[in-house]
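S.K.: would you be able to build a 3D model of this:
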Amino acid sequence: MTEHGKTPVTVLGLGAMGTALVEALLAAGHPVTAWNRTASRAEVVAAKGASVASTIDEALAANEIVIACLLDYDSVHEVLDPAAAGLRGRLFVNLTNGTPGQAREMSAWADGLGAEYLDGGIMAVPPMIGSPAAFIFYSGSGTVFGRARTALDTFGGTNYLGADPGLAPLHDIALLSGMYGHFIGVIQAFALVGSAGVKAKDFAPLLRGWMDAMSGFTERAAEQLDDGDYVTDVVSNLAMQAAAFPNLAKAAEEQGVSAELLTPLQPLMDRRVAAGHGDEDLIGVIELLKK
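M.R.: Presented below is the predicted three-dimensional model:
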């Protein structure tokens, strides 16, 4: 640590997110050494007080804690493989978006080099970094999490999920899946009313109100899943919903709108009903997703 108790950190990658991470660290008083393959991108953070490493070897040698925020896991390997020896003894935090399997592979790779590994999933866009609205999942080495905690806390809320490095990206991808599912419905709804000339800004309050009213599905479904009970106190059973669901595609066709965002759900509903589960709630289709 520095004389002011602020942990020095190296950050690899100065895209929009990497730059936001560096700025948050600097704002909190942490000395930062930054590196980017395109050197000109370092000018912004250099002007705010970051030291700029001219080579990846120099960046790794600068500090014990090394944070990577690159395009993908292949990019991490492209950057670090030629300088892999420099990771020995480092606390390596990877905030690059990826899958659970990639995180576990990266952890094993880092371990083989004598580094300790922590994976992270960022639930924020760059402008949110450093604010209470941002939160980040971490999993992997508890030692890294503990030693780097003061630096990591500058990015937003911190959530340590355990020793399995795959847990952080798993939670990240799960939340993004929920987000995109929501976006799919919103896009389809706007396309439908737009086909009749309805202004999106006029329809938006209705859509928002309806989605808010249906938000209880999340907690209700979670309770049903944990209890293993999809049939108690069901209000709209799966058989009824499966019978009505084709109207969504039919109405879209009538309006000259594609229903391809929604149609994948229909065969799942039909298969579950055909298997004798028509009295269940919609969450029952989750059984068909398990391989």
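
S.K.: so which residues of the stretch 151-291 of the chain form helices?
M.R.: For the stretch 151-291 of the chain, applying DSSP state H, counting those that start in this stretch gives helices covering 167-194, 200-213, 217-227, 238-244, 246-254, 265-274.

S.K.: tell me who's in contact with the residue nearest the centre of the chain.
M.R.: Taking CA atoms, centre = their mean as the criterion, Asp172 is the residue nearest the geometric centre of the chain, at 3.2 Å. Contact partners of Asp172, counting by CB atoms under 8 Å, 6 or more residues apart in numbering, are 97, 121-123, 137. All C-beta atoms are positioned from the backbone trio N, CA, C, and that covers glycine.

S.K.: which of the residues you listed ranks first by neighbour count?
M.R.: Gly121 (27 neighbours; other CB atoms under 10 Å).

S.K.: can you classify that residue by secondary structure?
M.R.: strand (DSSP: H, G, I helix; E, B strand; the rest coil).

S.K.: then the one 10 residues further on?
M.R.: Counting by three-state DSSP, the backbone at Ser131 sits in coil.

S.K.: what about the closest residue to it other than its chain neighbours, distance to Lys48?
M.R.: For Ser131, ignoring the flanking residues on the chain, the nearest one in space by CB to CB, 6 or more residues apart in numbering is Gly156 at 6.5 Å. In this structure, Gly156 and Lys48 are 19 Å apart, going by CB to CB, to the nearest Å.

S.K.: can you check Ser258 too?
M.R.: Ser258 is 47 Å from Lys48, by CB to CB.

S.K.: mind checking pLDDT for the residue of the chain positioned farthest from its centre?
M.R.: Seen from the C-alpha centroid of the chain, the residue lying at the greatest distance (CA atoms, centre = their mean) is Glu254, 36.6 Å away. Predicted confidence (pLDDT) for Glu254: 98.

S.K.: domains in the chain, by residue range?
M.R.: Split into domains by automatic domain parsing, the chain comes to 9-164, 171-289.

S.K.: off-centre distance for the longest one?
M.R.: Between the centre of domain 9-164 and the centre of its host chain there is 16 Å, according to CA atoms, centre = their mean, to the nearest Å.
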